[in-house]
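S.K.: need a structure here:
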Amino acid sequence: MNAVLIGPPTADLDCGPVISKVQFDRVRGFLDRAEKDGIDIIGRGHLDSRSSKDGFYVLPTLLGPVPIDHELAQEEVFGPVLAVIPFDDENDAIRIANGTAYGLIAGLWTENGGRQMRVAKRLRVGQVYINGYGAGGGIELPFGGFKRSGHGREKGFEAMREYTVAKTIVQYHG
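M.R.: Prediction:
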């Protein structure tokens, strides 16, 4: 995280500003409350010198360990903030990951091919990235979450199904 560079979108760096002052204040609130709660900063990115001091830049921040009942583990931050949450084994990791009211995207890192699919199937999220993370795929891959992370799917045939209703018509020709 310490190597992440944030700056203007035109600079094509690792990260850009958050979308608005409202979102900037929201994300900063998460970070301020985490600091007040005594959660350690493990790593923090840097602001590129080309960045405007008036931009909505939140330095990418890695915090931990984060208790599973803390808002950083229970809410969708939608900013450059990551929470480290220790776990004991595969089942514990899945329990923690599914133990929130949200389920948009998950990232899973393991070299074990069997574990990749086993865990991905058990995660209650709309998308699972395995050994990578990012804005995956083109228009053909459905996007959307489970639980409070949204209803339905955008993109692909799944999105088309949101706007259609199947009808079966049977005609006797005898």
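
S.K.: per-residue pLDDT, the most centrally placed residue in the chain?
M.R.: In the chain, the centroid-proximal residue (Cα atoms, centre = their mean) is residue 105; its distance is 4.9 Å. Looking at residue 105, its pLDDT is 82.

S.K.: So it sits against residue 120, correct?
M.R.: No. The pair residue 105 and residue 120 fails to qualify as a contact (Cβ atoms under 8 Å) at a distance of 11.7 Å. Bear in mind the C-beta positions are built from the backbone N, C-alpha and C, glycine included.

S.K.: Can you list the buried residues in the helix or strand hosting residue 31?
M.R.: Using DSSP states H and E, residue 31 falls within helix 21-36. For helix 21-36, a neighbour-count test (16 or more other Cβ atoms under 10 Å) marks 23-24, 26-27, 30-31, 34 as buried.

S.K.: what helices or strands is it leaning on?
M.R.: strand 61-63, helix 71-74, strand 81-83 (3 or more Cβ pairs under 8 Å, 6 or more residues apart in numbering; DSSP states H and E).

S.K.: which of those sits most buried?
M.R.: Ranked by mean neighbour count under mean count of other Cβ atoms under 10 Å, the helices and strands packed on helix 21-36 are led by strand 61-63, which reaches a mean of 22.

S.K.: wait, residue 18 sits on residue 24?
M.R.: Yes. The pair residue 18 / residue 24 is scored as a contact, 5.1 Å apart, by Cβ under 8 Å.

S.K.: joint contacts of those two?
M.R.: The contact sets of residue 18 and residue 24 overlap at 56, 58 (Cβ atoms under 8 Å, 6 or more residues apart in numbering).

S.K.: could I get the buried residues of helix 21-36 as a markdown table with pLDDT?
M.R.: Output for the buried residues of helix 21-36, formatted as a markdown table (pLDDT from 0 to 100):
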| residue | pLDDT |
| --- | --- |
| 23 | 97 |
| 24 | 97 |
| 26 | 97 |
| 27 | 98 |
| 30 | 98 |
| 31 | 98 |
| 34 | 98 |
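
S.K.: Thanks again, I'm all set now.
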